[in-house]
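1. Here is my input; please provide its structure:
(one chain, ligands or ions: 1)
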Amino acid sequence: MSGVKLVYFNGRGKAELIRLALAYIGLEFEDVYLKEKSEVEKLRSDGHLLFQQLPLLEIDGKRIVQSGAILRYLARRGGIYGNSNDESTRIDELFEGTRDFYGPLLGMVFRPEEDVLKDAKEKVLPRYLPAFNKVLEETGSGYLVGKSLTIADLGLIETLLVLVEYLGDQILTGYPQLQSFYKNMTSDEKIASFLLGPHRHPKNDQTYVDTVKRILY
Ligand SMILES: N[C@@H](CCC(=O)N[C@@H](CS)C(=O)NCC(=O)O)C(=O)O
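-> Presented below is the predicted three-dimensional model:
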């Protein structure tokens, strides 16, 4: 096992935030996209997937699964996980909030026929947009916790990027702190170069949805 490898399906899903985190903390890595069911089955039968699921990060001779564990590992390694137990706990609260916010948005891509979009607009957005806007207003630093970027900010910007991409930037109207956060984060040098670079996976489209369904179901 050599070099850093992120193994996932050919899409964003639970891997995109890991790609952003790897790029942000400056680790060179290779994206390994599995496109066939046989490739996933091989990893499973080789015993490389603890719970039979992806993503999988190979790094420094280790194999790590569970996106939350991978992201925290990278956050600790890159110094974007706070400086005390209290700070890390606050980061966890907000980071978990971004993951709960992001989850239903993935459903917009996979199950548009099930009114997921309507549900997202009526239930998910009113729960998370005001809450994150308020936190940013309280810290006043442009970041969710303290005065510098943490993994919680990366979680939030990835969620907002998907939201704006699918629903348009008017979705942030009425949330001034989130609008400035979106603007500042997308113009951050490291984030902007990730967004323009080779690791940013293109918007999930029907081909992607079909491929994932073919591999998984
Ligand atoms: N809690 C796990 C969930 C991983 C997960 O649901 N992976 C999906 C793809 S996004 C998968 O591998 N599904 C195949 C399966 O469950 O057999 C994580 O966050 O990494």
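2. residue ranges with poor pLDDT in this structure?
-> 1-2, 109-114, 116, 205, 208-209, 212, 216-217 (pLDDT under 70).
3. just checking, what's the longest helix in it?
-> Criterion DSSP state H: the longest helix present in the chain is helix 85-110.
4. list the helices and strands the next helix or strand after that helix packs on?
-> Where DSSP states H and E defines the elements, the next helix or strand beyond helix 85-110 is helix 116-119. Judged by 3 or more C-beta pairs under 8 Å, 6 or more residues apart in numbering; DSSP states H and E, the packing partners of helix 116-119 are helix 85-110. For glycine as for every other residue, the C-beta is placed from the backbone atoms N, C-alpha and C.
5. ok so, going back, who are the packing partners of the longest helix of the chain?
-> Where contact means 3+ C-beta pairs under 8 Å, 6+ apart, helix 85-110 is packed against helix 67-78, helix 116-119, helix 125-139, helix 151-167, helix 206-216.
6. Need the contact partners of the third one.
-> Defining contact as C-beta atoms under 8 Å, 6 or more residues apart in numbering, one finds that helix 125-139 is touched by 94, 97-98, 100-101, 142-146, 156, 159, 163, 171-172, 175-178, 180-181.
7. and that helix, C-alpha only, in PDB?
-> The C-alpha trace of helix 125-139 is given here as PDB (Å, rounded to 0.1, in the frame of the first residue of the first chain):
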ATOM      1  CA  LEU A 125     -33.900  24.100   5.000                       C
ATOM      2  CA  PRO A 126     -36.000  25.700   7.700                       C
ATOM      3  CA  ARG A 127     -34.200  23.600  10.300                       C
ATOM      4  CA  TYR A 128     -30.600  24.200   9.300                       C
ATOM      5  CA  LEU A 129     -30.300  27.500   7.400                       C
ATOM      6  CA  PRO A 130     -31.400  29.700  10.300                       C
ATOM      7  CA  ALA A 131     -29.400  27.700  12.900                       C
ATOM      8  CA  PHE A 132     -26.100  28.000  11.000                       C
ATOM      9  CA  ASN A 133     -26.800  31.600  10.200                       C
ATOM     10  CA  LYS A 134     -27.300  32.300  13.900                       C
ATOM     11  CA  VAL A 135     -24.100  30.500  14.900                       C
ATOM     12  CA  LEU A 136     -22.100  32.600  12.400                       C
ATOM     13  CA  GLU A 137     -23.700  35.700  13.700                       C
ATOM     14  CA  GLU A 138     -22.700  34.800  17.200                       C
ATOM     15  CA  THR A 139     -19.100  34.000  16.500                       C
END
